[in-house]
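Engineer: take a look and give me a structure for this.
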Amino acid sequence: MEFIHLHNHSHYSLLDAISTIDGLVNAAAEFNMPAVALTDHGVMYGVMDFYKKAKQKNIKPIIGCEVYVAQSGTRFDRNKRSNTRTAEDFEDDAPENSDGLASANINYAHLILLAKDEIGYRNLIKLTSIGHTEGYYYKPRIDLDVLSQYHEGLVATSACAGGVISCYITRGDMKTAEKMTGVYKDIFGDDFYLEIQDHGIDAEKKVMKEMPGLAKKFGIKLIATNDVHYIKKEHAIAHNIYLNISAKQSNKNFRNGDASDILTNLRYGTDQIYFKSSEEMCKLFRDFPEAIISTWEVTEKCNLELDTSVNHMPNFVIPEEEKKVKSYNEYLRKLSFEGLKQRFDKIPDNAEDRLNYELEVIEKMNFSGYFLIVQDFISYARSKGILVGPGRGSAAGSLVCYCVGITDVNPLEYDLLFERFLNPERISMPDIDIDFQDDRRDEVIQYAKEKYGEDSVAQIVTFNKLAPRGVLKDVGRVLNFPFQEINDLTKTIPILFGKVKKLEECMKEEQDFKNYFKTGDAIFKEEKKRLYDICLVLQNLNKNSSTHASGLVIAPGNVTDYVPLSKVTGEDNVFCTQYDMNQLEDAGLIKIDFLGLKELKVIGKTLKLVNSRNGTDLTTEKIPLDDPKTYDLFSSGSTVGIFQFSKSKMREYLAKLKPKNINDLAAMNALYRPGPMKLIPDFIDKRNGKKPITYIHPLMESTLKETYGIIVYQEQVMQIARDIAGFSLAQADNMRKAMGKKIKEKMVQIKEEFIKGAIENNVQKKTASEIFDLILDFADYGFNKSHGVAYSVLAFYTAYLKTHYPLEFLATSMECRKDDETELQQLANECRKMKTSLRAPDVNESMMGFTVKYYEDPSAGGAIIYGLSAIKNVGEKASQSIIDEREKDGQFKSFIDFLKRVDLRLVNKKAIESLIFAGAFDSIESNRNKLFLNMERATLYAQRYGQTHEARGQEGLFGSSDSSSNDDNSIIQNYPEFPESEKYNKEKAAIGFYITGHPLSVYEKELINLIDLSFGEDPAEIDFNRVKTATMCGVISDVQIKLSKKGNKFVVFNLIDLYGSGECVAFGKLFETKQHLFENDKLVGVRGVPEENGDKLKLTVEEIYPIDGFIEMYAKNLVININGNLKDIRDLHQIKELVEQHPGTTKIFFALRDNGSVKTFISKEYKVRASKELISNLKNIVGENNLTLN
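Structural biologist: Model prediction:
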């Protein structure tokens, strides 16, 4: 007698089970089970992956789902409870308690459904979709009505102790249990089974006692299952912790070294819900042999076969005027050859052959309809003035895409490969991703819904994983490990080529990671081992679901005719597919990425400003890609705000490279990533003739010439395989993909084929082996050339606009990034560098967003004006009220005039205060403190005179408008202005960054050589192995004093420097002894340990000083330039007197400049304390620019 598992949960039962799909399939294979089922809670998330992997192991996949049934009402009921009377019963009825093995919640009763055939599979899709789209209330629920409608082709079992029959048995309600047994028997007939389980839980004993009687009375067979939630018994503890992750709990008992304590606190009350062997199950149910036999009976009933080779293409309608065209193939050919003539004044010799070849491949794969659908979306967008990117991904390598307008990059010009996009030897759906300007992307999505039907279009699910770093933090929290300890441990896990290194690899290869688990006493080492072992089990499991940022699926009919839908978390009436992007391809549905790109919005808005100002019709198509001035911008490294090229290290490399064409930009774009970044210095030196360009074999020269002998692109790997080993480009693409997977046996086979082909091509075996090893190493970080070229073209567009229209470009860039304080500050700094005027908001000039004000004198250019709505606490309604009043009755003449005229219900006290601090009244009254201190009385004055919205235009209550205007001047009293640092800090608080000045500005020259990092830098560019500690300076804000789990105080704060801001944290004695420095608006210098915090920098502070003390501490050398500007010898005497008055440890150097030569002398007699007083007095003597600290 053998047993088959028919009730199994995977980690797609989110934060409920920890079995993986591979784990379930491999366990079935290990126990020689010919079949296995997947029955996740309320979803079919993993079924396509499960189906495919089971088939690969020659195991019958049984696709199912454990659905929730609302039995006391309908799926539409909300917050309905059964007629229970005790507090315990009401707790059982709570939706959040509807999972577990013994839930007695009749409104969320469990039912196992298994697909017998394709009809059953389609009905299962319908039922799970209805649960999410119609019945979702805490859980996706169906009801008896839809079960009756969609029962065909399904086997049903009564599930666990919380099942559709058991939930009544455990309540002692046998009358209803019998009634419902009859109901399900009527619906499913002989395909309904009464399920029994035995995990040692009391509720199950009640069920097993009553089920045989029900089975006999109704003529229904029993079926035995194990409610599998993990693969091995020893995974029970890991499973329990996985459950606690969802509850965001920690358990101090878990760190006492007593494993039995963990077992006695299992949330599901048992350690038996693992994948048991057939022998174990037969022994467990030896008194119910018929229940074991039923598992075989059900297995024989379930014979679902899915055809994953069929593609379900939406029905694209060929335009009415093209009715002579008979097919998609014919129409795509027509568009392609028409486009070829439009794209080229003179068609290149090889263009028609290339186009025919691509079309033949597309037609053979039956993908013409897909290209027409994508082309139609892009055509619609352009017809509506929606900016579309020049290309994205490998699609830019297709001439067909270029000719029909899907891309704007000529693949012939840049030697881009079609086979990298669509491989004729490997049939898989093409993947064309489209960039639209992000503020109008939704218009294209709406067009798709209108064209193909709302029910035919859906978003796509994606899953957030317990990645190596994240699983350590989550498990560490549950096991009550100190946060900082685990946080430090995660920093030892490297990210290579965008992938986080696995824990088991770190344990082998990362010494700092290994050392953590070796430290501590025996008990603590055991606790650390438990942490590691549990993390290994939970690593890369699903944690939660979300929607793909840009992907849409389009079906030829209702999406639920093909794949199930699920509710999008936190959204009403928004649904996504239950299959992720990979499984959708197996299901045969097309997926299109509609990406929103902010840079396209910047380009579009900039072009609109430029054309409006100049009366021109500039478009991206008219931007010359050989413009010398634009390349001068790249060569100067002045690329802040330029798409893909704005990072500080990239700017440094560009200045050395001096790019001359798109190919140079594309190569730099491809190399500027972890891994290949190490090749950049060689690339630059070879490009500039400082190093020789060499090739392992002459046949590689034609491919590598444009990148100076260095492999940069995946396409080059393909071309080398073609030229060296005689591979077709399709074979070479298969080789490239296999290399990326690093399957050892496969690599041996491919290398043999490569070397054999190379020898036949007269390449020596040793040389061929060397070339293969070179490209194998490159496979880890190879970049798609088509994508690199397309995005470099897009970058060139932005650089061209910045070069020729800096005012408009920077204004638009700031408007589009107004929600990111760091980026805004970087752009503000760029305005200063480019001598582009950036003006504070002004109630008499500002509009809603950032705008350009042109001066009457064209040669004077203009200025960027900060937008009113970007000021904190002001918002769009208040801004519009100010603008409307200004346009109606002219500029505001005074603060009182402003208060009298605007609607003070919209422009409230908070808004007025922020306007003052932001400098929005500076053109009326420059003393901000004066306005702030008069604000209350002035507002009251304006209200008393009846100048609110309702009474506008009437006389005041205390006299005529003439007399009241005379009183305006007397109502405002005089007060001194804020101290400079306080004024700037309040300005920063109001608008997000410093605009009219920065508290640190007066120290900028002194600090330039004393600080190591700034918060404007990209942490991805910092080698944290080299930069162990760093000095930084800035203004403290957002101070938060917190308590550690041990009860110790620590402080978290924001530090704002000249280029950005970032989080800092200080612990222990430093905080205790220097607590007076950790205050908002303090100007400080710090030294600490930098680390990556998402895409920003974070600093753990080890030292902190007031800014003057920091300069004194870290200024090792004081250099005084003397270049003939001293008035006479008395100046030297004054310098000597000052030096003697400020003795210290800073060395003094004199740099004497004469006729272009510089001689430097060190003072052996004197050292100084680089105090604020000394520096100020020296500047008065030698000039501000002739003093340097380092």
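
Engineer: and Lys686, how far from Ala840?
Structural biologist: Per Cβ to Cβ, to the nearest Å, Lys686 is found 48 Å from Ala840. To be clear about C-beta, it is placed using only N, CA and C from the backbone, and glycine gets the same treatment.

Engineer: helix or strand right after the helix or strand of the chain with the lowest mean pLDDT?
Structural biologist: Among the helical and strand segments of the chain, the one scoring lowest on mean pLDDT, DSSP states H and E is helix 87-93, with a mean of 40. Sequence order places strand 109-115 as the next helix or strand after helix 87-93, per DSSP states H and E.

Engineer: hey, where'd the helices end up in the stretch 651-800 of the chain?
Structural biologist: For the stretch 651-800 of the chain, the helices defined by DSSP state H, counting those that start in this stretch cover 662-671, 680-687, 701-704, 714-725, 729-741, 744-760, 765-778, 785-804.

Engineer: with the stretch 251-400 of the chain instead?
Structural biologist: Along the stretch 251-400 of the chain, counting by DSSP H, counting those that start in this stretch, helices occupy 259-263, 278-284, 289-301, 328-343, 351-364, 368-383, 399-404.

Engineer: out of these, flag the one nearest Arg440.
Structural biologist: Nearest to Arg440 among those is helix 368-383 (7.8 Å), distances taken as Cβ to Cβ.

Engineer: buried sites along the closest one?
Structural biologist: Using 16 or more other Cβ atoms under 10 Å as the burial criterion, the residues of helix 368-383 that qualify are 368-378, 381.

Engineer: now, which of these sits nearest Ser859?
Structural biologist: Nearest to Ser859 among the buried residues of helix 368-383: Ala381, at 38.5 Å, using Cβ to Cβ.

Engineer: next up, the contacts around that closest one.
Structural biologist: For Ala381, the contact set (Cβ atoms under 8 Å, 6 or more residues apart in numbering) comprises 387-388, 436, 440, 443-444.

Engineer: please redo it, this time with the cut-off set to 10 Å
Structural biologist: By Cβ atoms under 10 Å, 6 or more residues apart in numbering, the contact set of Ala381 is 387-388, 434, 436-437, 440-441, 443-444, 447, 594.

Engineer: quick check: the gap between it and Tyr328.
Structural biologist: Applying Cβ to Cβ, the value for Ala381 to Tyr328 is 21 Å.

Engineer: and stretch 841-860, what's buried?
Structural biologist: Counting neighbours by 16+ other Cβ under 10 Å, one finds that the buried residues in stretch 841-860 are 841-843, 845-847, 849-853.

Engineer: among these, which two are most distant?
Structural biologist: The span of the buried residues of stretch 841-860, defined through Cβ to Cβ, is set by Val843 and Val852 at 18.0 Å.

Engineer: ok, back up a step: now the contacts of Ala381 as JSON lines including neighbour count, pLDDT and distance to Lys656?
Structural biologist: Shown next, in JSON lines, are these (neighbours: other Cβ atoms under 10 Å; pLDDT from 0 to 100; distance: Cβ to Cβ, whole Å):
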{"residue": "Leu387", "neighbour count": "24", "pLDDT": "97", "distance to Lys656": "32"}
{"residue": "Val388", "neighbour count": "23", "pLDDT": "97", "distance to Lys656": "34"}
{"residue": "Ile434", "neighbour count": "24", "pLDDT": "95", "distance to Lys656": "35"}
{"residue": "Phe436", "neighbour count": "25", "pLDDT": "97", "distance to Lys656": "35"}
{"residue": "Gln437", "neighbour count": "25", "pLDDT": "95", "distance to Lys656": "33"}
{"residue": "Arg440", "neighbour count": "17", "pLDDT": "94", "distance to Lys656": "38"}
{"residue": "Arg441", "neighbour count": "21", "pLDDT": "94", "distance to Lys656": "37"}
{"residue": "Glu443", "neighbour count": "14", "pLDDT": "96", "distance to Lys656": "43"}
{"residue": "Val444", "neighbour count": "22", "pLDDT": "95", "distance to Lys656": "40"}
{"residue": "Tyr447", "neighbour count": "16", "pLDDT": "96", "distance to Lys656": "46"}
{"residue": "Phe594", "neighbour count": "19", "pLDDT": "93", "distance to Lys656": "38"}
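
Engineer: list just the nearest of the residues you listed to Leu776.
Structural biologist: Nearest to Leu776 among those: Ile434, at 33.1 Å, using Cβ to Cβ.

Engineer: whichever helix or strand that closest one is part of vs helix 368-383, what angle?
Structural biologist: If you go by DSSP H and E, Ile434 is part of strand 433-437. Put simply, strand 433-437 runs at 10 degrees to helix 368-383, going by axes from the mean of the first three to the mean of the last three Cα atoms, to 10 degrees.

Engineer: Ile1148 is nearest to which of the helices of the stretch 651-800 of the chain?
Structural biologist: Ranking the helices of the stretch 651-800 of the chain by proximity to Ile1148 (Cβ to Cβ) places helix 680-687 first, at 36.3 Å.

Engineer: tell me how far that closest one lies from the chain's centre.
Structural biologist: Centre-to-centre, helix 680-687 and its host chain are 32 Å apart (Cα atoms, centre = their mean, to the nearest Å).

Engineer: then stretch 345-357?
Structural biologist: That offset, for stretch 345-357, works out to 40 Å (Cα atoms, centre = their mean).

Engineer: can you check stretch 991-1000 too?
Structural biologist: The chain centre lies 29 Å from the centre of stretch 991-1000; the measure is Cα atoms, centre = their mean.

Engineer: end-to-end on that stretch?
Structural biologist: One end of stretch 991-1000 to the other measures 17 Å (Cα to Cα, to the nearest Å).

Engineer: renumber starting at 13 from here on
Structural biologist: New numbering, starting at 13: the last item is stretch 1003-1012.

Engineer: buried set for it?
Structural biologist: So, applying 16+ other Cβ under 10 Å, buried residues of stretch 1003-1012: 1003-1007, 1010-1012.

Engineer: of the buried residues of helix 380-395, closest to Asn554?
Structural biologist: Tyr382 (29.8 Å).

Engineer: re earlier: can I get the buried residues of stretch 853-872 in TSV including distance to Val48?
Structural biologist: Listed next are the buried residues of stretch 853-872 as TSV, based on distance: Cβ to Cβ, whole Å:
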residue	distance to Val48
Pro853	65
Asp854	70
Val855	71
Glu857	71
Ser858	66
Met859	64
Gly861	58
Phe862	60
Thr863	64
Val864	66
Lys865	70
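
Engineer: and which of those residues is nearest to Glu332?
Structural biologist: Nearest to Glu332, judged by Cβ to Cβ, of these is Gly861 at 42.1 Å.

Engineer: a strand runs through the closest one, doesn't it?
Structural biologist: No: judged by DSSP: H, G, I helix; E, B strand; the rest coil, Gly861 forms no part of a strand; its state is coil.

Engineer: ok, it to Ser825 distance?
Structural biologist: 12 Å.
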